[in-house]
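Peer 1: mind looking at a prediction? Sequence and model below.
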Amino acid sequence: MAGQVAMLVREVMSSPVVTVGRTDPVRRAVRVLYGHAITAAPVVDDSGRLVGVVSELDLLRGEFEPDPRATATPATASAEPPPRLVLEVMTHEVVTVTETTDVTTAIEFMVGRRVKSLPVVRGGQLVGMVSRRDLMAVLARPDDELRAAVVAALAEQYPSGPGWTVAVRDGVAELGGPPREPADHIAGLLARTVPGIVRVRHVRAQPGP
């Protein structure tokens, strides 16, 4: 059975970040999220400091009113005007992660807070966003793409190392060739850095008769 993916947020996050301003009109924020096909965006103030997050549901709230055609009961007008600015609908308490946060911790935050994405910060500065879609994209990478990435990682990071045959099956990288230590250990570590690789096996050729 294949193992589980072990990785850090920096290996899966999206960057640069699409943001909206706290004083942006709601309709502008709607167009930003819709145009970039994202479900939420960080909200920044005039200095670029993270002050909140706004989601699709936040922005939809108050933008529609009851249609009288849907019911025989006359619709009553809302007592309050619909929200007009992002700061009126955004979530102010924001859970953030860093580039070195374990992905499993980020998932726990998403589940616990029932959010689809989290801002990634470095020293207080916004550097990325990690979303459930980012995580799904890693798991959805086909084996041939993963194999090419493993081959490229070995060639780039360990050009002086001995050659290995590389195969990937269901996210498990198989490095073939005779035993070579410590080269095999280094190659295994490099292969594990490829997002989507769940485990590394060293496959040894069977000795002849």
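Peer 2: Arrived safely. Please read these numbers as outputs of a predicted model, since none were measured by experiment.
Peer 1: any idea which helix or strand comes after the helix or strand of the chain with the lowest mean pLDDT?
Peer 2: Every helix and strand of the chain was ranked by mean pLDDT, DSSP states H and E. The lowest is helix 132-139, at a mean of 85. For helix 132-139, the succeeding helix or strand toward the C-terminus, using DSSP states H and E, is helix 143-157.
Peer 1: that next one packs against which elements?
Peer 2: strand 165-169, strand 172-176, helix 183-192 (3 or more Cβ pairs under 8 Å, 6 or more residues apart in numbering; DSSP states H and E). C-beta here means a position set from N, CA and C on the backbone, and glycine is covered the same way.
Peer 1: what about the helices in the chain?
Peer 2: Counting by DSSP state H, the chain has helices at residues 26-35, 56-60, 103-113, 132-139, 143-157, 183-192.
Peer 1: now the first one - C-alpha only, PDB.
Peer 2: Spelled out, it's helix 26-35. Output of helix 26-35 as PDB, limited to C-alpha atoms (Å, rounded to 0.1, in the frame of the first residue of the first chain):
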ATOM      1  CA  VAL A  26     -18.000  44.200  -2.400                       C
ATOM      2  CA  ARG A  27     -18.800  44.000  -6.100                       C
ATOM      3  CA  ARG A  28     -15.100  44.600  -7.000                       C
ATOM      4  CA  ALA A  29     -14.100  41.800  -4.600                       C
ATOM      5  CA  VAL A  30     -16.600  39.500  -6.200                       C
ATOM      6  CA  ARG A  31     -15.100  40.100  -9.600                       C
ATOM      7  CA  VAL A  32     -11.600  39.500  -8.300                       C
ATOM      8  CA  LEU A  33     -12.500  36.100  -6.800                       C
ATOM      9  CA  TYR A  34     -14.600  35.100  -9.800                       C
ATOM     10  CA  GLY A  35     -12.000  36.200 -12.300                       C
END
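Peer 1: circling back: only the buried residues of the least confident helix or strand of the chain, if you could.
Peer 2: Using 16 or more other Cβ atoms under 10 Å as the burial criterion, the residues of helix 132-139 that qualify are Arg132, Asp134, Leu135, Val138.
Peer 1: ok so, going back, now the helices of the chain in CSV, with distance to Arg84?
Peer 2: Output for the helices of the chain, formatted as CSV (distance: least, Cβ to Cβ, whole Å):
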stretch, distance to Arg84
helix 26-35, 6
helix 56-60, 11
helix 103-113, 26
helix 132-139, 29
helix 143-157, 45
helix 183-192, 49
